[in-house]
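> what shape does this take:
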Amino acid sequence: MDYNEINDHLKQVNKDITGMNKEIKQHQKDNKQKFNDSTLTLLNLMSEDMRNHNASEQSLQLAIKGTYEFYKVVNKAQLPISIINSLLHPENTAQQNTSSFGTPLSEIKTQPITWLWENRIPQGKITPLALLAESMNCAFLVVRHLKKGSTDNLLYRGAGSIGIIAAARTCLTIFYDPADEKKRVLAVTKSNLAEPPKNLSYQVVTNQSITPHIQWLGEINLDISTLIGPGINLSFPRQEIIKALQSSQSTLDLKEIAEKTGLNYKSLRMTVSRMHEAGLIAHPFRGRYTTLEQDAESKKRLEERLKARELENEAFRNRFAPDATVTTDANTIVHPGQDICINLPVSP
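Next comes the predicted model:
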């Protein structure tokens, strides 16, 4: 056998091995799907049987979740979370509607589009997205965070290129409600297609299944200038921390801040650390915190005292310098190192 025949034989062997690997993977995939289907059938029968016997919701959750966890650990069963929730709460119409229309977004594996983000979006070149939206008759929702800044124009405070907001026809911004720390305000800060609607108030609440959802509270009469006022965009715990620091005449440590605000000590440590990193509060000494204004005033007073002390030291050095002169009376000047002559009046 020559080299070419050997090479062709090896290629055929590799091809056969690749085909066998594909068959094995497909067989494993089919077996896994069959096992997942049988697990789902078992859980469904358990759910129906326990409901027919008037089992409590707590018992139902313990049984369904416990059985699924057993098969998940021992036999590597994998079922979508939406299916488990539908077994626990079949009356939840929202979940039924979600399942009927397709796979929930939470179960879709995302893939980063690096070429789009690195090469086009930073330069404001997002034409491919616009063409795709037009051809598919859909809209893209881009989520951005606001950067720290003092400008009142929110369009210039978005992270990334200004071309992103320039290409968007509508911009929605979420603010803290200045009157209630549990509520939020959804405001339209850009609208090129129609007149901007009124701002909406909402809050996140939980239902009986402890699933968070949005509760809309209707329109709220607050303009953008009020919502972006100083301190409004800070969360309630951060506002309380700043209030506690402002009310103190000296720096405070974490325990003192926790006592004044009533916040949990563990979460307070992380919040205070993040506030310091964001430049919201000052950390002049180890374990001590204060407001930026009080820290600046303290530094100013310290500089004034140091300057006054330096002036005093300079005056003291000038007074006792080697070339200094000492005046003894109106007519006599004595230089350092000379004898001092004192003329006493002679009695007659």
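> show me the helices in the stretch 101-250 of the chain, by range?
Ranges of helices within the stretch 101-250 of the chain are 114-119, 127-136, 162-167, 224-227, 236-246, based on DSSP state H, counting those that start in this stretch.
> ranking those helices by burial, who's on top?
helix 236-246 (a mean of 18; mean count of other C-beta atoms under 10 Å). For the C-beta atoms, the positions are set from N, CA and C on the backbone; glycine is no exception.
> what sits up against that helix?
Residues from elsewhere that reach helix 236-246 (C-beta atoms under 8 Å, 6 or more residues apart in numbering): 176, 181-182, 231, 234, 252, 257, 260-263, 267-268, 271-272, 275, 280-281, 289-291, 294.
> just the ones of those residues in helices?
Judged by DSSP state H, these include 257, 260, 261, 267, 268, 271, 272, 275, 294 as members of helices.
> surely the fifth one meets residue 259?
Think residue 268. No. Between residue 268 and residue 259 there is no contact under C-beta atoms under 8 Å: 10.4 Å.
> the more surrounded of the two?
residue 268 (19 against 12; other C-beta atoms under 10 Å).
> flag the shaky bits of the chain, pLDDT-wise.
1-2, 91-128, 148-152, 209, 226, 228-234, 321-348 (pLDDT under 70).
> strands of that one, start to end?
For the chain, strands defined by DSSP state E occupy the ranges 170-176, 183-191, 200-206, 212-219, 282-285, 288-290, 326-327, 333-334.
> same list (the ones you listed) but as JSON lines, adding distance to residue 18 and mean neighbour count.
JSON lines is the format used below for the strands of the chain (distance: least, C-beta to C-beta, whole Å; neighbours: other C-beta atoms under 10 Å):
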{"stretch": "strand 170-176", "distance to residue 18": "50", "mean neighbour count": "17"}
{"stretch": "strand 183-191", "distance to residue 18": "53", "mean neighbour count": "18"}
{"stretch": "strand 200-206", "distance to residue 18": "51", "mean neighbour count": "14"}
{"stretch": "strand 212-219", "distance to residue 18": "47", "mean neighbour count": "10"}
{"stretch": "strand 282-285", "distance to residue 18": "60", "mean neighbour count": "15"}
{"stretch": "strand 288-290", "distance to residue 18": "63", "mean neighbour count": "20"}
{"stretch": "strand 326-327", "distance to residue 18": "105", "mean neighbour count": "11"}
{"stretch": "strand 333-334", "distance to residue 18": "110", "mean neighbour count": "12"}
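> wait, residue 197 touches residue 187, no?
No. Contact criterion C-beta under 8 Å: residue 197 and residue 187 do not qualify, at 9.3 Å.
> what is the neighbour count of residue 8?
11.
> and residue 261, by the same measure?
19.
> separation between it and residue 273?
15 Å (C-beta to C-beta, to the nearest Å).
> nearest to residue 82, of the strands of the chain?
strand 212-219 (14.8 Å; C-beta to C-beta).
> ok now that closest one, how far from the chain's centre?
Put simply, strand 212-219 sits 22 Å off its chain's centre (C-alpha atoms, centre = their mean, to the nearest Å).
> equivalent analysis for stretch 75-92, please.
A distance of 30 Å separates the centroid of the chain from that of stretch 75-92, by C-alpha atoms, centre = their mean.
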